[in-house]
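Q: have a look; sequence and predicted model below, questions after that.
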Amino acid sequence: MTKRSRRAFLSTSVLATAATVVVDPLISVKDSSPLIHQVFFWLKNPGSISDRKKLAEGLKKLSAIPQIKLLKIGFPAGTEKREVVDNSWDVSELMFFEDLKAQKAYQDHPLHQAFIQQYSYLWERVIVYDTLTMES
């Protein structure tokens, strides 16, 4: 083996090994992995305590959907102002599901559909982050 081909082989081997180490944690994320559903709402009337309460009441009703393992409702915390902190939203929800299938059942559930119809007049913007979690 020449110096050049040996060097190329070693470089390729090192890169392949590094890629395996970096990608390996992702192998344990599957459609059957637990799912976290985070939703952030910006109200049409920003800062309205009344609208915030109404939306929180509507979100609480969603806990009756059997696929939801845990539901938390939140509001921006008064943490220090930093470039990486976004507290421009008014209300958030955090839900935990067993897997993608359970989250899909929640999306189609009549209570979720009713929530959207009854409370969407309150928000101007919504952002959703769905995350499959790694198995330990």
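A: Cool, got the structure.

Q: mind listing the strands for this structure?
A: Remark: strands assigned in the chain by DSSP state E are 35-43, 70-74, 91-97, 123-132.

Q: could I get those strands as JSON lines with mean neighbour count?
A: C-beta: built from backbone N, CA, C; applies to glycine. Output for these, formatted as JSON lines (neighbours: other Cβ atoms under 10 Å):
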{"stretch": "strand 35-43", "mean neighbour count": "18"}
{"stretch": "strand 70-74", "mean neighbour count": "14"}
{"stretch": "strand 91-97", "mean neighbour count": "20"}
{"stretch": "strand 123-132", "mean neighbour count": "13"}
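
Q: same list (those strands) but as JSON lines, adding mean pLDDT.
A: Listed next are the strands of the chain as JSON lines, based on pLDDT from 0 to 100:
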{"stretch": "strand 35-43", "mean pLDDT": "98"}
{"stretch": "strand 70-74", "mean pLDDT": "98"}
{"stretch": "strand 91-97", "mean pLDDT": "98"}
{"stretch": "strand 123-132", "mean pLDDT": "97"}
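
Q: nearest to Gln107, out of those strands?
A: Relative to Gln107, the nearest member of these by Cβ to Cβ is strand 35-43, separated by 9.3 Å.

Q: that closest one: how far from the chain's middle?
A: With Cα atoms, centre = their mean, to the nearest Å as the basis, strand 35-43 stands 7 Å off its chain's centre.
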